[in-house]
Structures are given as C-alpha cells and as structure tokens.
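Novice: Kindly return the folded structure for what I paste below:
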Amino acid sequence: MSDDENHAPAAGDPSRKRVGSALHSGPRKKATSSNPLVLHGRHFGRTVFALCNYPALLTSGILRLEELQDTPIEDYPADVRREHRVFVELIDSYPGLLDRLTNGEEEDVIHVGEMMGKGASGARGDDTKTLKSAVLEWLVPKGQAVIPPLARNIKSDRGFNHEVTGALLCPAGLDWSNVETKQSLKSGETAVRGDQWPMFLYAGYVYDSEDPWKGLLRSEILIFGFKHIFTSPSSVDREPKATRSGNAYLHGMKTVTKGSLAYVATQVRFSLSSSSVFSRTDTVTDSENFYHSILDLLEDPEESQEVVDLMTWWTRHIFPNSSSSQRSISKNSALAKIREKRAALRERVPASTT
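Specialist: All right, here's what the predicted structure looks like:
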C-alpha cells in the first residue's frame, strides 16, 4: 500500500484493482478547508475509522460492489469484510455520496477520498496537539503535582522515562514497581506491541488477570480524553453534556461509538508516550496495531454482551440525556406507572381471549 494516506493510484494504473487494505494510515495532512467533505471526514475519522486511506477505500469499495453481485461478502477474508463495512458506513453517512461516486469519473472518486482523508488526518493532528498538554492535568488527582514536572511541549521525558506516565503505560500483567521490569521497559529491552494493552485502560488502573474484562476501557483518564475531544475541553470538569461548540454537538452525536472509543484510547496512549510524531511506521508506540486491536475486541461477536454493556456505560457517562431507551425509569414516576399499566393490560388481553 502506498504511504500516502490521501492518494490512490492514477487512472488507468492496473494496480488500481487492489491497493491493499484501505484501513491503514498514511502521512497526516492538515485540514484547512471548510469543504463539507473535509468536515465529514473529520467526524467519520473520529467516530468510525481513524486510520484510513480514503481514496483507496472508496475505489476498492465501488469495485467490490460489482463483485458482490456474484460473490457474497462472507466469502471474503476478515480484513476485507471489515473494510467493506467501513465503506458501507461511510456511504450511508453521507446522503447522495454513492450516486456521486458511481455516476462520476474516477478523478471525482479520488477527489472525494482526498477531501475526506484531509479532514480525518487534520482532526487527528488537532487532537494530538491539544491532548499533549491537556493530559498533564489528568495524571494525578486535582491539587497534586506531577513529580518530577513534565514539560507541556516536549514529550521526551514521558513514556517509560517518567514514573507516572510509565506506570500508566505499563502493559497489564507486568509489575511497574519491579525494578528490573521498569528498567527493561525504559531501555527498550522489553518491546511493547500495540496489542499489549496498558494499565491506563482499566478503571482505577487495576488489572485483574482472572477477569480481564473487569474495568477495561472505563478509566477516568479515558473519560477525560473523550470529553476533551468530543464535548469540548472545558467540559472535562463540568457536567457530562455536549456544549454547542463541541464536536459531538456540531455533528449530532448522541451515543459513544466503538470507533470513537478506540480513537480516544489511541490518542490518550500516544499523549502519554515519549514519541513526538504520530506515525503508523512508529514501531515504538505501534499506534496502528493498538487501534486495530481495540476495534477487534469491540467488534468480536463472541464479546457482544460485554461490549453492549460497555457502550451503554459510556453513553450514559458522556450523553446522559440522549436516549431514554438506555436509561432506567425512576421508580414511582408517572412514566413508570404508565408502563406498568400497559404491561398489565397486555397480560389481561391474551387471558381474555383463551
């Protein structure tokens, strides 16, 4: 696959048929446009799939629609099925996009992909930049100081080079308090892959090896990171509701998505690291592998019950007033009485007809 996130092969290039998985990132391009495609790409990247080659995604997706007339999607490899799900979600989220792509020229497909890619990479860059300093406020309880102090604009002293960030980034199952473990992580002798999840993902930063789902993706620092990105930085210390200036409000977002949770976890992890540039080729942070591993879990059908509970928990924390169907009804309220009466009526009706 090309290293260029926002460029697909030129028209007529025989390699256009298959450009490798589109669900991999390339170099970041800063968004400078208010083009609706760019704006849509910003939100789609944050909430559905962040590390994406959009021209390749659209080009391959359109070609695949033709192939699916003869071959069911179930016959494709897992990575292609995921790529197609992302393609379909992108098409469905932008009215008229499919008609525009199928009826337009190849250059138009590439242009649309470039604009959306520009938005996604621009949003990612903006969030990386603002979280770099914001995360320092969340490392220790309010009123306490990080010792030794951490620089806001320089990251070289973060990661395993600092006691606090090192403890948060330490892979679950390893003991950061162990001197040999700490030194091995700091020196790089122990390489940490993206699928070795850090302690900061767990509530209270406590990992239970007997119950690895316990507290997973429910930590306070993740909640802070989510609010910072989606409901505005100022909402971190306020009531959990989207402000009019927040990204969630601007895009009508009322639930936490799997993609947004994986995105926030990836951004917070990077902000804690000592790496200065977010790059898919960075083998130290291995951010792309980390992002994919979180999504793999959240999209695993065998983990569906735990995932449903997790996503409901998140939506209640971030958007507590967004969906009455996900909130418990207050006891003895008028609504509760109405529901009870309706349930009683339904029970009597079948009984009277037998």
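Novice: how much space between the residue nearest to the spatial centre of the chain and Gln144?
Specialist: Centroid-nearest residue in the chain, with CA atoms, centre = their mean: Tyr263, separated by 2.5 Å. Separation of Tyr263 from Gln144 (CB to CB, to the nearest Å) stands at 29 Å. C-beta: built from backbone N, CA, C; applies to glycine.
Novice: now Val284
Specialist: For Val284, the distance to Gln144 - CB to CB - is 29 Å.
Novice: Looking at the two, which has the bigger crowd around it?
Specialist: Val284 (13 against 8; other CB atoms under 10 Å).
Novice: you'd agree the more buried one is in a strand?
Specialist: No. Val284 is assigned coil when assessed by DSSP: H, G, I helix; E, B strand; the rest coil, not a strand.
Novice: from memory it sits against Ser273, does it?
Specialist: Yes. Using CB atoms under 8 Å, Val284 is in contact with Ser273, at 7.4 Å.
Novice: What count of nearby residues applies to the residue lying closest to Asn247 once chain neighbours are set aside?
Specialist: Excluding the flanking residues, the one nearest Asn247 by CB to CB, 6 or more residues apart in numbering is Phe230, at 5.2 Å. Phe230 has 26 neighbours, counted by other CB under 10 Å.
Novice: Three-state assignment for Phe230, please.
Specialist: Here Phe230 takes the helix state, with states given by three-state DSSP.
Novice: Kindly report the same for the one 4 residues further on.
Specialist: Here Ser234 takes the helix state, with states given by three-state DSSP.
Novice: And it, what's its pLDDT?
Specialist: pLDDT, Ser234: 82.
Novice: Burial check on it, number of neighbours?
Specialist: Neighbourhood size, Ser234 [other CB under 10 Å]: 12.
Novice: doesn't Gly41 make contact with Lys118?
Specialist: Yes. Under the criterion of CB under 8 Å, Lys118 makes contact with Gly41 at 6.5 Å.
Novice: ok, those two, which is more surrounded?
Specialist: Between Lys118 and Gly41, Gly41 has the larger neighbour count (other CB under 10 Å), namely 29 against 24.
Novice: who's in contact with the more buried one?
Specialist: Counting by CB atoms under 8 Å, 6 or more residues apart in numbering, Gly41 makes contact with Ala31, Tyr54, Met115, Met116, Gly117, Lys118, Gly119, Ala120, Ala123.
Novice: how about 7 Å then?
Specialist: Tyr54, Met115, Met116, Gly117, Lys118, Gly119, Ala120 (CB atoms under 7 Å, 6 or more residues apart in numbering).
Novice: Tell me how many other residues crowd the residue nearest to it when sequence neighbours are not counted.
Specialist: In this structure, Gly41 finds its nearest non-sequential neighbour in Gly119, 2.7 Å apart by CB to CB, 6+ apart. Using other CB under 10 Å, Gly119 has 27 neighbouring residues.
Novice: and if you look at Glu74?
Specialist: Neighbours of Glu74 using other CB under 10 Å come to 6.
Novice: Is it correct that it falls within a helix?
Specialist: Yes. Under three-state DSSP, Glu74 falls within a helix.
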